[in-house]
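Enquirer: predicted model and sequence follow; I will ask about them next.
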Amino acid sequence: MPSLADVKLDALFTMLKGEPGTRKSTCALSYPKPQYWFSTDQKMEALVLPAKRWGVDLRKDIQFDDYKDWDAPCAKMKQLQLNCPFKTIIVDSITSIGDAMTSQVKKLKRTQGDGKVIGGIPVAGFEEFNAEASAFQEMIAMLKDIHKFHKVHIILIAHVIAVRKDNDANKLTHHSRTIVTGAEKISAKLASYMTEVYHFNIKTEFDAEKEGQYALMTTHTGNDYARTSLPLSKEITFNSEPLYEKWVEPAIRKLEAESPIQRIQQPSLPQKPPTTSFSA
């Protein structure tokens, strides 16, 4: 039976979430090499520029496959459960791999002459979203197994969408961003499996001529959830610098070197005799 002393932080289970174009994939590129990418967004060309500027070996350090369904990435994950030569595995992204899951179901149902069709276009319904949720649960289980057994970093990249919730009873309005997937319930569950959740955003300047700064949050802001198990700053402005090398890895080493704080013993208070409402 392991204890907390046996827990190692050299491999993290991480979600990088935010709106498109906030450099989530670029930050994932900074994690240990070699890396394998489940490319369902199919935009690996966006990583060539930062990879070259960071001195990444394009041939040896980064491998990927583009995927359009769920069966192929599922088979690859099962293969990696047995043999994983990589130090970091990235799923880019949750949104598009969810689309691949539902698309696979729609395609199969269409060949069977089944499924909902509007204007000649297959439309996802309740069964497709149930299949997506089930596939996501299978994916998390396999990635957790790879992460624990092979001691590798797992990174899930997620797109978010703004959500407004009105509470008429309290006359309150809450604005937040949630992960984009077809099935809403599994979207809410995914982040709960993560050790690290970083929310990406742009720090805009008041001067329109100046470019905004790329930043991320590591703690919950009230509108956007995030969390970390590492001694990281609440906000990190990374711009074009490698996230893992400059911030995450030093935080891991700092936590490993930190000594437990001796608990201060509180003085015990004198005990008062019990009181009763009647006399014997």
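Expert: Received, thanks. Numbering: from 1, shown residues only.
Enquirer: hey, where'd the helices end up in the stretch 1-150 of the chain?
Expert: Assigned by DSSP state H, counting those that start in this stretch, the helices in the stretch 1-150 of the chain fall at 24-29, 48-53, 71-82, 94-111, 126-150.
Enquirer: just so I know, which of those helices lies nearest residue 62?
Expert: Closest approach to residue 62 among the helices of the stretch 1-150 of the chain (CB to CB): helix 48-53, 6.7 Å. Any C-beta I mention is one placed from the backbone N, CA and C, and that applies to glycine too.
Enquirer: now the residue nearest to residue 65 when sequence neighbours are not counted: how far from residue 229?
Expert: The shortest distance from residue 65 to any non-neighbouring residue, by CB to CB, 6 or more residues apart in numbering, is to residue 39 (6.4 Å). Distance check for residue 39 against residue 229: by CB to CB, to the nearest Å, it reads 28 Å.
Enquirer: per-residue pLDDT of the residue nearest to residue 65, please?
Expert: If you check residue 39, the pLDDT there is 96.
Enquirer: what's the answer for the one 10 residues further on, then?
Expert: The confidence metric pLDDT takes the value 95 at residue 49.
Enquirer: tell me how many other residues crowd it.
Expert: By the criterion of other CB atoms under 10 Å, residue 49 has 11 neighbours.
Enquirer: for residue 29, see how far away it is.
Expert: 10 Å.
Enquirer: what's the burial count for the closest residue in space to residue 48 that isn't next to it in sequence?
Expert: Closest residue in space to residue 48, ignoring its immediate chain neighbours: residue 58 at 7.2 Å, by CB to CB, 6+ apart. Using other CB under 10 Å, the number of residues around residue 58 comes to 10.
Enquirer: surely residue 58 touches residue 50?
Expert: No. Between residue 58 and residue 50 no contact is recorded; they are 11.3 Å apart, counting by CB atoms under 8 Å.
Enquirer: picking up where we left off before, any chance of CSV for the helices of the stretch 1-150 of the chain, columns distance to residue 199?
Expert: Formatted as CSV, these follow (distance: least, CB to CB, whole Å):
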stretch, distance to residue 199
helix 24-29, 10
helix 48-53, 20
helix 71-82, 25
helix 94-111, 14
helix 126-150, 20
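Enquirer: in terms of mean pLDDT, which of those ranks lowest?
Expert: helix 94-111 (a mean of 77).
Enquirer: could you check the angle helix 71-82 makes with that one?
Expert: 120 degrees (axes from the mean of the first three to the mean of the last three CA atoms, to 10 degrees).
Enquirer: which parts of helix 94-111 are buried?
Expert: 94-106, 109 (16 or more other CB atoms under 10 Å).
Enquirer: where does the prediction get shaky in the chain?
Expert: 106, 109-110, 112-129, 161-188, 205-211, 263-280 (pLDDT under 70).
Enquirer: strands along that one, start to end?
Expert: 13-18, 35-39, 62-66, 88-92, 116-118, 121-123, 153-167, 172-179, 196-203, 213-217, 235-237 (DSSP state E).
Enquirer: who does the fourth one touch, helix- and strand-wise?
Expert: Strand 88-92 sits against helix 24-29, strand 35-39, helix 126-150, strand 153-167, with contacts defined as 3 or more CB pairs under 8 Å, 6 or more residues apart in numbering; DSSP states H and E.
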